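Trainee: structure for this input, please:
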Amino acid sequence: MLPLAGSLAELAPHFGGTFVQPADAQYDEVRRVHNGLIDKRPALIARCGGIADVADAVKLARTLDLEIAVRGGGHNVAGRATCDAGIMIDLSPMKGVIVDAAARTVHAQGGVLWKELYRHTQAYALATPGGIVGTTGVAGLTLGGGLGWLMPKYGLALDNLRSVELVLADGTVCRTSEKEHPDLFWAVRGGGGNFGVAASFEYRLHPVGPTIIGGLVAHPQARAREVLKFFHATCATLSDDVMLVCGLLTAPDGATKIAGIVGGHFGPAAQAEKDFKPLKEFGPPVMDALGPMPFTMLNSLLDDAFPKGAFNYWKASFIKELNDAVSEVLIEAAASAPTPMCQIVIEHFHGAVTRVPVSATACTLRGEGFNVILIGEWLEPGDTDRCKAWVRSTYSALQPYLGTTRYVNYLEDDVEDGAAAVYGSNYSRLREIKAKYDPGNVFHVNVNIKPA
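Mentor: Numbering: from 1, shown residues only. Here you go, the predicted structure:
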């Protein structure tokens, strides 16, 4: 530890953030990421105040030959925001958000959460596509793709990037955009944290809210078969203004199993009333909370279902058709969910997100269809084995129906050659760009793209 201590003593007077080490009182709190199943112990946590701190932290890690992990929001379910015995570069103190309403752009630092970004942009009735859970960080979600409520109308989060400021493997700062290092800009839009530490993002903004039509309709899970058929048929008719997500889950009372549809409409209110009329009349639902609400409320509607510190193990994959065979697998699994927090979520893909060519960005999740997420979530350590087994057995039963595309941000940590599974036809180009900007594979605590 002497080399680290000496390096910190030299760096500390200039460092705008703080260093946290295992002996510090706040270490156990600061090292924790969202998923309670992840319990790693970095040798040092560099809590950065700005991009110069990030650059210094990268250089420090290189000097001491320590592994680097990068935390933005810390929400990644596989726990890729931390490491054992290395340096966690913690961006969470970097909360700057600057909105230019006239230009319809927003700059956000790497520690900003989506609920924090939207709080500022919604002051001007503007938004950029973000996530479905408000406590997710903008950085990890965007670099991996950025599925969310606005993707049918405006595409993924990464489709709305104008520029990214990165700290590269040698500690230099690089701004990348369509005109500046365009190869790198192509790669970071979907390539995750493979190419550098993303310290800030510039997004395009669009008119959204502040009030939209959205919310949940819920049915007894005994009617899940009918709900899934209705959801599948309805999705085939949707305009770009509408995003729907279906879930087989347990109600907040911890006992009542439901089949719910959550929707958001981002067009005129009169049209929303027409488009959502079938959702409100089908069944009819046992609960109808679909109506006018702030866009920020829709973005945080699911936050309570994913509390920090809960144990999580997920598997997800894309399917083209939500047919009867798939539905039967999901219904049977939902009925046998080992804890009330376990759930199955089905995100529908259509509209703007599917009109971007696969080759236009590193992200390959561009087809029409459904992203099925098997969410194992629990609070008691004794439930770990059976929750993991439930996710794995359900995924195995779905295997005959799965497509070839998987979303990098949902990818579990035990997938062999996960990058090849995620990037498909874009993988070879990504490996070449990785060799150019990070030939030593310094940034490898991720779904790793190995240099060509």
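Trainee: residues in contact with the helix or strand of the chain with the lowest mean pLDDT?
Mentor: The weakest-scoring helix or strand in the chain, judged by mean pLDDT, DSSP states H and E, is helix 2-11 (a mean of 79). Defining contact as C-beta atoms under 8 Å, 6 or more residues apart in numbering, one finds that helix 2-11 is touched by Phe19, Ala43, Leu44, Asp56, Leu60, Thr63, Leu64. C-beta here means a position set from N, CA and C on the backbone, and glycine is covered the same way.
Trainee: with just CA atoms, put that helix into PDB.
Mentor: Listed in PDB are the C-alpha atoms of helix 2-11, where the atom choice follows Å, rounded to 0.1, in the frame of the first residue of the first chain:
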ATOM      1  CA  LEU A   2       3.000   2.400   0.200                       C
ATOM      2  CA  PRO A   3       3.000   3.200  -3.500                       C
ATOM      3  CA  LEU A   4      -0.700   4.000  -3.300                       C
ATOM      4  CA  ALA A   5      -0.300   6.100  -0.200                       C
ATOM      5  CA  GLY A   6       2.600   8.000  -1.800                       C
ATOM      6  CA  SER A   7       0.700   8.600  -5.000                       C
ATOM      7  CA  LEU A   8      -2.400   9.900  -3.100                       C
ATOM      8  CA  ALA A   9      -0.300  12.200  -1.000                       C
ATOM      9  CA  GLU A  10       1.100  13.700  -4.200                       C
ATOM     10  CA  LEU A  11      -2.300  13.900  -5.900                       C
END
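Trainee: next one: the helix or strand just after it to chain centre, how far?
Mentor: For helix 2-11, the following helix or strand on the C-terminal side (DSSP states H and E) is strand 18-20. Computed by C-alpha atoms, centre = their mean, to the nearest Å, the separation of strand 18-20 from the middle of its chain amounts to 27 Å.
Trainee: contacting residues around Pro357?
Mentor: Arg366.
Trainee: now do Lys450
Mentor: Ala419, Arg431, Lys434, Asn441.
Trainee: among those, which one sits closest to Ile132?
Mentor: Ala419 (24.2 Å; C-beta to C-beta).
Trainee: okay, and that closest one sits in which element?
Mentor: helix 418-423.
Trainee: over to Ser177: give its phi and psi.
Mentor: phi -160, psi -170 (degrees, to the nearest 10).
Trainee: how about the residue nearest to it when sequence neighbours are not counted, secondary structure?
Mentor: Nearest residue to Ser177, sequence neighbours excluded (C-beta to C-beta, 6 or more residues apart in numbering): Ser163, at 4.0 Å. What DSSP: H, G, I helix; E, B strand; the rest coil gives for Ser163 is strand.
Trainee: count of neighbours near Ser163?
Mentor: For Ser163, the neighbour count with other C-beta atoms under 10 Å is 18.
Trainee: just want the most central residue of the protein.
Mentor: For the chain, the residue nearest the mean C-alpha position is Leu141 (3.7 Å; C-alpha atoms, centre = their mean).
Trainee: which residue ranges of the stretch 151-300 of the chain form helices?
Mentor: Ranges of helices in the stretch 151-300 of the chain, per DSSP state H, counting those that start in this stretch, are 151-154, 182-188, 224-235, 269-281, 295-299.
Trainee: a markdown table for those, including mean pLDDT?
Mentor: Listed next are the helices of the stretch 151-300 of the chain as a markdown table, based on pLDDT from 0 to 100:
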| stretch | mean pLDDT |
| --- | --- |
| helix 151-154 | 98 |
| helix 182-188 | 98 |
| helix 224-235 | 97 |
| helix 269-281 | 96 |
| helix 295-299 | 97 |
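Trainee: do you know which of these lies nearest Arg175?
Mentor: Checking the helices of the stretch 151-300 of the chain against Arg175 by C-beta to C-beta gives helix 182-188 as the closest, at 9.5 Å.
Trainee: elements contacting that closest one?
Mentor: If you count contacts as 3 or more C-beta pairs under 8 Å, 6 or more residues apart in numbering; DSSP states H and E, helix 182-188 packs onto strand 161-167, strand 173-177, helix 427-437.
Trainee: can you say which of the ones you listed is packed in most?
Mentor: Comparing those by mean neighbour count (mean count of other C-beta atoms under 10 Å), strand 161-167 comes out on top with a mean of 23.
Trainee: list the residues that contact Glu321.
Mentor: Contact analysis of Glu321 by C-beta under 8 Å, 6+ apart lists His232, Gly369, Phe370, Tyr401.
Trainee: does it count as helix, strand or coil?
Mentor: Under three-state DSSP, Glu321 comes out as coil.
Trainee: appreciated, that's everything.
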